[in-house]
Structures are given as structure tokens and as C-alpha cells.
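*Asks:* Just to be clear, the model below is a prediction. Sequence and coordinates:
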Amino acid sequence: MKQLLKASQVISEKINGIEGTKLDDHFLDMERKVDLTNKAVSEILLKATEYIQPNPAYRVKLGVLSAVPKGHNQGNASVCPQPEGLLGDCMLKYGHELGEDSTFGGALIDMGTAMKLMLEVKESFDINVKQTFIEPLQLVHDEDLKQISHHLKRLEGRRLDYDYKRRHVGKIPDDEIAQAMEKFEESKVVAEKSMFKFLENDVEQVIQLALFVQAALDYHQQSADILQLLQRKLRMRIAAASTLGRNNFRPRPLRRCPSALNISSASSAKSKGYEL
């Protein structure tokens with residue numbers, strides 16, 4: 001029955017233009033900020049996950065890895081191929097096949113090793129951001145904001161109930177109207193208090209952003225250290241190669257097996273009219 005009364009009030013407001021009870025500007029401003037925060041958190045969660053790992057298949061794996069304690073077997077945790085790992089494996093494969101005596105082969109081994117190190121750094125960054133930023137923010141979305149949304153939904157339902165009964169004074173007993181107003185005011189206080197508390201503590205979300213930035217700084221610093229060391233190694237190889245004198249090209253005669261020599265001699269004799 002209550003749902004029918006509320007539905008009737010909604011229709012009256014939307015179709016007949018009847019105004020419902022207006023909440024104060026301070027309440028509406030907090031409601032607007034909470035709604036924007038909710039939308040921001042939802043989209044940030046999606047984009048942050050895509051940022052740390054564009055590969056959709058790896059995102060599934062990341063959810064499993066985040067439960068593993070930091071530093072525990074992370075080096076062997078890869079299940080889905082990662083670009084850094086694939087490039088590193090490719091370079092190491094051909095570097096070892098070419099051999100260390102090849103300048104290019106040695107350089108491929110250096111760079112392949114560096115790519116594998118960068119893979120470990122990237123995986124550590126992914127897990128760090130998941131644990132220190134995405135999961136806490138998801139908790140805010142699933143608990144704090146969800147609870148506020150529940151309070152606001154209940155408030156709106158009680159407002160509709162109160163406004164319907166208020167419009168039908170005489171048909172509905174005064175005590176029912178008074179009770180509806182009391183419940184409406186009670187819900188307003190609960191919703192207002194929950195929004196106020198959440199907005200006053202929004203520094204928690206700033207702390208999570210700071211942790212995200214710190215993780216990114218650590219990742220880029222470690223990556224830069226690896227690349228700088230690699231650059232020094234490659235420069236040393238270039239310098240070493242430039243000091244070596246270039247060998248002059250000397251064509252080497254084709255090695256022929258004995259049977260090939262016999263065939264060649266027979267062919268030569270026939271061409272001169274001899275018979276062997």
C-alpha cells in the first residue's frame with residue numbers, strides 16, 4: 001500500500017506539477033557533492049585499472065596476485081604474457097644464439113635482461129597500486145557511498161509518503177501525517193549526518209592519491225635506473241667495437257668434397273674430347 005501511495009505522489013509531482021517538500025540548500029549541496037564523488041570514484045576505478053594494466057586478461061590475474069603478500073614469489077607470478085617479458089625473451093633468445101662474441105648478440109643479451117627486470121618492476125607496481133589505491137577506493141565505493149545512497153533512497157521514500165499524506169489532510173488521520181513527518185525528519189538527519197561525515201573525511205581519498213603517486217614514482221625511478229645502466233653498457237659496447245680494427249674482406253675458396261672433384265675432372269675431360 002505504501003508503495004502505491006509513493007507512486008501516486010511521484011506521478012502527481014512529475015505530471016501534475018505538484019511541488020514536494022524542498023530540502024535546504026546545504027543538504028542539497030552535500031547531496032550534489034556526494035553524487036559527484038560517487039561518479040568520480042566509479043570512473044576512476046575503471047580508468048586506474050586500465051592504466052596500470054591495459055591487457056584485459058592480465059586484469060583477472062591481477063585480482064589474484066593482489067592477495068599474495070608483497071615480495072612473495074612475485075618474480076615467478078606471471079601467467080599472462082606481458083610486453084616487457086615478451087620483448088626480453090625475444091632479445092635473450094637471439095642474443096644467446098648469436099653469442100657473446102657478436103657485438104649485436106651481446107647487446108641483445110644486455111637489453112633482454114633489462115627488459116626482464118623491468119617486467120618485475122612493472123608487476124610490483126601493478127600489485128602496489130591495486131593494494132594501496134584501487135582496493136581502498138573500491139571499499140569506499142562499496143561501503144561508504146553505498147550506505148549514503150541507501151540513506152538518501154530511504155529519505156526520498158519517506159518524503160513521498162509524507163507529502164502524499166500531507167496533501168490528503170482530512171482523509172488521512174493527523175497522527176499518521178505526524179508520524180510520516182517524524183520519519184521523514186529522522187531520515188533527513190541520518191542522511192545528512194552520513195554525508196557530512198563522509199565529505200569531512202575526504203582527505204582519506206587524497207592520501208590514497210598520494211600513495212598512487214608514490215607507487216608511480218618508485219616504478220619510474222626503478223625503470224630509469226635499469227635503463228640508465230643498460231645505456232652505459234651499450235655505450236661501452238659501442239666504444240669497444242669502435243676501437244677494434246676492421247678486417248678486410250678476403251674471399252675464401254669453396255671447399256669441395258672428393259666426389260665433387262672427380263665429377264669436375266670428368267666434365268673437363270669430356271669437354272676436351274678425352275675419354276676416361
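*Replies:* Right, received. Where do you want to start?
*Asks:* Point to the residue nearest the middle of the chain.
*Replies:* T49 (2.2 Å; Cα atoms, centre = their mean).
*Asks:* Surely that one and F133 touch.
*Replies:* No - taking contacts as Cβ atoms under 8 Å, T49 lies outside contact range of F133: 10.1 Å. The C-beta positions use only the backbone N, C-alpha and C, and glycine is treated the same way.
*Asks:* still on that earlier bit, please report how far the residue nearest to the centre of the chain lies from V121.
*Replies:* 19 Å (Cβ to Cβ, to the nearest Å).
*Asks:* just L209 next, same as before
*Replies:* Distance from L209 to V121, by Cβ to Cβ: 21 Å.
*Asks:* got it, and K193?
*Replies:* 45 Å.
*Asks:* now do M91
*Replies:* 17 Å.
*Asks:* Equivalent analysis for P136, please.
*Replies:* With distances taken as Cβ to Cβ, P136 is found 22 Å from V121.
*Asks:* go on, R255?
*Replies:* 51 Å.
*Asks:* Pick out whichever of the two has more residues nearby.
*Replies:* V121 (18 against 6; other Cβ atoms under 10 Å).
*Asks:* pLDDT value on the more buried one, please?
*Replies:* V121 is assigned a pLDDT of 96 by the prediction.
*Asks:* next one: the one 4 residues further on
*Replies:* In this model, F125 is scored at 95, pLDDT.
*Asks:* Can you name the residues that contact Y162?
*Replies:* 21, 177, 180-181, 183-184 (Cβ atoms under 8 Å, 6 or more residues apart in numbering).
*Asks:* Is it correct that D101 falls within a strand?
*Replies:* No - checked against DSSP: H, G, I helix; E, B strand; the rest coil, D101 lies outside a strand; its state is coil.
*Asks:* Tell me how many other residues surround it.
*Replies:* 7.
*Asks:* can I assume V129 is in contact with Q53?
*Replies:* No - with contact defined as Cβ under 8 Å, V129 and Q53 do not form a contacting pair (9.3 Å).
*Asks:* so what pLDDT did I172 get?
*Replies:* 88.
*Asks:* what are the ranges of the helices in this structure?
*Replies:* 2-14, 25-52, 56-65, 83-98, 103-129, 135-139, 146-167, 174-200, 203-243, 258-271 (DSSP state H).
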